[in-house]
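Engineer: Sequence and predicted structure are below.
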Amino acid sequence: MGGEVIRRLVAAGHEVRALARASARARAAQFPPGVTRAEGDALDPDLEKHLGGIDAVVHLVGIIREAPPAVTFERLHFEVTANALRAMKAAGVSRIVHMSALGAGPDSTTGYFKTKWRAETMVRESGLRWTVMKPSVIFGPGDEFLNMLSDQVRKLPVVPVIGDGRYRLQPVAVADVAEGFARALALPSAEGRAFEIGGPREYTYNELLDAVARRTGRRPPVKVHVPLALMRPVIRALERFSFFPITVDQLAMLLMNNVCDPRGFFETFGISPTLLEAV
């Protein structure tokens, strides 16, 4: 998301200051012309030093998997957002476009969604001029989820499916979401609103596997449905290992039907939704 949002902001004529960590990998990242690099961490207590002369903050920091003790939902969703809001107020920056998640709400049960909702609520109640984006599964170059499915379809003789595979998702193109972020900055009617974002079509997990197979020139894969009662203890035992592809939190999110009515987003920002099969 970060790289795509930066490209869209630059294309819209904005001057961008990108906060980047001091790691060797981050130092090697190449930013396009029109982007200034600000080296630091989103949890820096003096974060406001990077916000001088800034008109708006686009806040994308988040993770989909924890690696305790440093990388947790509490730190990277809630504490980072609290620090960003504090720094904005100290620097006199009044506009924020914030990344939340479809499914984050007051009744959330997973750690991911709970912390996303607490951060989103804090933004809404900040007194700043805010817009909140709540996307479903995002697909595009380098995404983790659709590329994982593609690898399974290409490499495995049969593809394991947790449960019946009828739970629904609504993948949305990274270009569409990023364009919404860029356009929100110049659209006063976007302020004070939260937008649920999904693609133009819903898929069951089974249908999504078939769609990925077709787009990679293959037949629909042979699917082996593994009962939830068998998978839950396995996931609970192995989720702490980074090589294992799913956590208990991610399983709960997968099963909850991550879909919405996205017309408000596409109509407000004048974006034509991109169909998965077109990419």
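Structural biologist: Happy to help now that I have it. Nothing here was measured: the structure is a model prediction, and the numbers come from that model.
Engineer: Looking at the nearest residue to Ser189 once chain neighbours are set aside now. What's its pLDDT?
Structural biologist: Counting by CB to CB, 6 or more residues apart in numbering, Ser189 lies nearest to Thr268, which is 6.8 Å off, once chain neighbours are set aside. Every C-beta, even on glycine, is put in place using the N, C-alpha and C of the backbone. Thr268 is assigned a pLDDT of 98 by the prediction.
Engineer: Was I right to think Thr268 contacts Ala190?
Structural biologist: Yes: using CB atoms under 8 Å, Thr268 is in contact with Ala190, at 6.3 Å.
Engineer: Which one's more surrounded, the two?
Structural biologist: Between Thr268 and Ala190, Ala190 has the larger neighbour count (other CB atoms under 10 Å), namely 22 against 17.
Engineer: For that one, give its distance to Gly53.
Structural biologist: Going from Ala190 to Gly53 by CB to CB, to the nearest Å gives 23 Å.
Engineer: Quick check: buried residues in the longest helix along the chain?
Structural biologist: The residue-count maximum for a helix in the chain (DSSP state H) belongs to helix 111-124. Buried positions in helix 111-124, judged by neighbour count with 16 or more other CB atoms under 10 Å: 111-123.
Engineer: Can you redo those as a markdown table, where the extra columns are distance to Thr247 and pLDDT?
Structural biologist: A markdown table is the format used below for the buried residues of helix 111-124 (distance: CB to CB, whole Å; pLDDT from 0 to 100):
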| residue | distance to Thr247 | pLDDT |
| --- | --- | --- |
| Gly111 | 9 | 95 |
| Tyr112 | 9 | 95 |
| Phe113 | 13 | 96 |
| Lys114 | 14 | 97 |
| Thr115 | 14 | 98 |
| Lys116 | 15 | 98 |
| Trp117 | 18 | 98 |
| Arg118 | 19 | 98 |
| Ala119 | 20 | 98 |
| Glu120 | 21 | 98 |
| Thr121 | 24 | 98 |
| Met122 | 25 | 98 |
| Val123 | 26 | 98 |
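Engineer: tell me which of these is nearest to Glu239?
Structural biologist: Checking these against Glu239 with CB to CB, the nearest one is Gly111 at 11.9 Å.
Engineer: that older thread, and the residue nearest to Ser189, which helix or strand is it part of?
Structural biologist: helix 263-269 (DSSP states H and E).
Engineer: send the alpha carbons of that helix over as PDB?
Structural biologist: What follows is helix 263-269, C-alpha atoms only, in PDB (Å, rounded to 0.1, in the frame of the first residue of the first chain):
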ATOM      1  CA  ARG A 263     -20.600   2.000  -3.800                       C
ATOM      2  CA  GLY A 264     -20.100   5.000  -1.400                       C
ATOM      3  CA  PHE A 265     -16.300   4.800  -1.800                       C
ATOM      4  CA  PHE A 266     -16.300   4.400  -5.600                       C
ATOM      5  CA  GLU A 267     -19.000   7.000  -6.200                       C
ATOM      6  CA  THR A 268     -17.500   9.600  -3.800                       C
ATOM      7  CA  PHE A 269     -14.000   9.400  -5.400                       C
END
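Engineer: Please spell out which residues along it are buried.
Structural biologist: Using 16+ other CB under 10 Å as the test for burial, helix 263-269 gives 265-266, 268-269.
Engineer: With stretch 126-137 instead?
Structural biologist: Using 16+ other CB under 10 Å as the test for burial, stretch 126-137 gives 126, 128, 130-137.
Engineer: and what of stretch 206-226?
Structural biologist: 206-213, 221.
Engineer: same question, stretch 39-53
Structural biologist: Buried-residue list, stretch 39-53, by 16+ other CB under 10 Å: 42, 47-48, 50-51.
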